[in-house]
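> Provided below are the primary sequence and the corresponding predicted coordinates.
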Amino acid sequence: MKRLSQNLLSLLTADIGRRLFGFVAVAYLARVLGRGDFGSINLAFAVLAYGMVLSAAGFPTIGTKKVAQGAPSEIVGEVIGSRLVSTILVVSIIIAVVMIGVQDNIITWLIVLFLAALIPQIFFVDWFFQGKETMGIVSAGRLLQAFVYLAVVLVFVKTPADIFWVAVGSISGEIAASVFLYSGFRRRYPDVKIRLSPSFQLFKQSAPLAIGIVLTTLMVNYPILVLGILKTSSDVGIYSASSKLVYTLMMGDRILILLLLPASARKFYESSDKFRELLKDTLRWIIVIGLPVAAGGMIVAGDMINIIFGVDYDLSIPVLQVFIWYFFLTMIHTVFTSGVIGAGGEKSYGKVMIATAAAYFIAVTAGAYFFGPIGAAFGVVAAEGFSVIFLNRVMHSLAPLQRPEKILRVIISALLMAIVVSYILQYGFVWAVLGGALSYSFFIILLRAVTPDDVKKLFERF
């Protein structure tokens, strides 16, 4: 079995399990805690996400690229040492800001407790194995993290009074995964000397990436914060229910970035033609697979919300119908991001993300203020589309890509599928999903949007 096949199989198997664990935890907490406390948990998770990217400061991404291009294993010590410094600084600043600025004691201590999960993250060396394109241990570590978190939540969270156990679960999962990954590194590379020495050069190289990654995370979690400030915890819960479903669907995006970033860096290093071919083919298959998921998800959104979260979350239905398109745009965004970084365009990536962040904050803030959760969702989707357009321009300046073939036929196939799903939905959610999958497969074959040669070429890569 080829390395790409092994990596894809391990990532797919583990990420399905990981997403399933996360999905169960989200649905369970939404029902046990109620919309208000569920919103508080998501506010705390949003702050934790900010802390993670700020403390990581782009080191894992630049580390992945360097390892993929042949850097010695001793780089692990530089990354860990640098993350130690940044983590101490970030945790101190966030705790000070929260203690001064947050009035709700429960949310304050939730955030402080959640921030403890940043400490084991320092030794989270998944980036090293990603650079080596050894994804089995990466998948196992992330699956372990999700399993431990879910176990703690199911065992200890029985009522809203147990809300702090959610943070304990998050900390426990990060500790388990970090110990597993670092132990795996030491077993495979026992002779590598690890010196925890912060590297100024690494800080300098990772700075442009850090700006882009930090802004991306700020944008992803900003709607939750702005809704919490301008609206209510209930509005946060309404938005979070829909966004959690979309993030669960984005399993493919996580697998894509894990595989495509090191592959892009390696291909660009070897041959610019192979690099462009890789990205063009990836973009085409993203559209073929992602477009029907977004279109179909928009139609069955009501049934999805009612089945998973219950009728109390009916207001989340229109939010999901808008937010589902973030899934599609983000997959395209990931292709361009991997290409830009792989081609050495870290500075350009940082500039695009700064411009995107400005548009994002304006669109999301205005949307949340005037229209609540659905306005915030519109702002997110609009800003992501803005970012995709500008990243495409940067990608064209670094390594021009040809437009993927037969995209119009794919769009027509997705539209015809949407009509079929709209009709079948009256007979039930499951029948609508099955009918959508079968009809889309029929239309793309009938219109020759995808041919046997296309499928053969795809499988040859694996």
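Done, it's in. Numbers count the residues shown, from 1 in each chain.
> Now for Val137, how many residues are close by?
Rather than Val, residue 137 is Ile. Other residues within reach of Ile137 by the criterion other Cβ atoms under 10 Å amount to 23. (Glycine included, C-beta is placed from N, CA and C.)
> And it, what's its pLDDT?
pLDDT recorded at Ile137 is 82.
> now Leu258
The model reports Leu258 with a pLDDT of 57.
> The residue nearest to Leu249 when sequence neighbours are not counted: helix or strand, and which one exactly?
Closest residue to Leu249 apart from its sequence neighbours, by Cβ to Cβ, 6 or more residues apart in numbering: Phe327 at 5.3 Å. Secondary structure assignment for Phe327, by DSSP states H and E: helix 316-342.
> Name the next helix or strand following that helix along the chain.
Downstream of helix 316-342 (by DSSP H and E), the next one is helix 346-371.
> Next, the angle from that next one to helix 316-342.
170 degrees (axes from the mean of the first three to the mean of the last three Cα atoms, to 10 degrees).
> where's helix 346-371 relative to the chain centroid, distance-wise?
17 Å (Cα atoms, centre = their mean, to the nearest Å).
> buried ones in it?
For helix 346-371, burial by neighbour count (16 or more other Cβ atoms under 10 Å) applies to 346, 348-353, 356-357, 359-361, 363-365, 367-368.
> in this structure, what secondary structure element scores lowest on mean pLDDT?
Ranked by mean pLDDT, DSSP states H and E, the helix or strand of the chain with the weakest confidence is helix 251-270, at a mean of 67.
> how close does the residue nearest to Leu249 get to Val138?
Computed as Cβ to Cβ, to the nearest Å, the Phe327 to Val138 distance reads 22 Å.
> Looking at those two, which one has more neighbours?
Neighbours per residue (other Cβ under 10 Å) separate Phe327 from Val138, with Val138 holding more: 25 against 22.
> Is it correct that that one is in contact with Lys132?
No. Under the criterion of Cβ atoms under 8 Å, Val138 makes no contact with Lys132, lying 9.7 Å away.
> Low-confidence ranges, the stretch 351-462 of the chain, go.
Across the stretch 351-462 of the chain, the ranges flagged by pLDDT under 70 are 458-462.
> next structured bit after the longest helix seen in the chain?
The helix that spans the most residues within the chain, counting by DSSP state H, is helix 3-56. Using DSSP H and E, the helix or strand that follows helix 3-56 in sequence is helix 59-68.
> Gln121 and Ser178: what is the separation?
Applying Cβ to Cβ to Gln121 and Ser178 gives a distance of 7 Å.
> more crowded one of these two?
It is Ser178, of Gln121 and Ser178, that has more neighbours when counted by other Cβ under 10 Å, with 22 against 19.
> Name the SS class of Glu405, please.
Three-state assignment for Glu405 (DSSP: H, G, I helix; E, B strand; the rest coil): coil.
> secondary structure element for the nearest residue to it once chain neighbours are set aside?
Residue nearest to Glu405 in three dimensions, not counting chain neighbours: Arg284, with 6.8 Å by Cβ to Cβ, 6+ apart. Using DSSP H and E, Arg284 falls within helix 272-299.
> Next SSE downstream of that helix?
That would be, after helix 272-299 and using DSSP H and E, helix 301-308.
> what about this protein, any weak spots by pLDDT?
Counting by pLDDT under 70, the ranges of the chain that qualify are 1-12, 14-15, 192, 194-220, 251-259, 261-262, 265, 458-462.
> For the nearest residue to Thr282 once chain neighbours are set aside, give its distance to Lys351.
Excluding its sequence neighbours, the residue lying closest to Thr282 (Cβ to Cβ, 6+ apart) is Val335, at 5.4 Å. Distance from Val335 to Lys351, counting by Cβ to Cβ: 19 Å.
> cool, Tyr247 as well?
27 Å.
> same question, Val246
Val246 is 27 Å from Lys351, by Cβ to Cβ.
> ok, the nearest residue to Val352 once chain neighbours are set aside - how many residues close by?
Sequence neighbours aside, Phe390 is the residue nearest to Val352 in space, at 4.7 Å (criterion: Cβ to Cβ, 6+ apart). Neighbour count of Phe390, defined by other Cβ under 10 Å: 17.
> go on, the one 4 residues further on?
Burial of Val394 is recorded as 19 neighbouring residues (other Cβ under 10 Å).
> list the buried ones in the one helix or strand it maps to?
Taking DSSP H and E as the definition, one finds Val394 inside helix 373-398. Neighbour-count burial for helix 373-398 flags 373-388, 390-392, 394-395, 398 (criterion: 16+ other Cβ under 10 Å).
> just stretch 435-451 next, same as before
Under 16+ other Cβ under 10 Å, the buried positions of stretch 435-451 are 435-436, 439-440, 443-444, 449-450.
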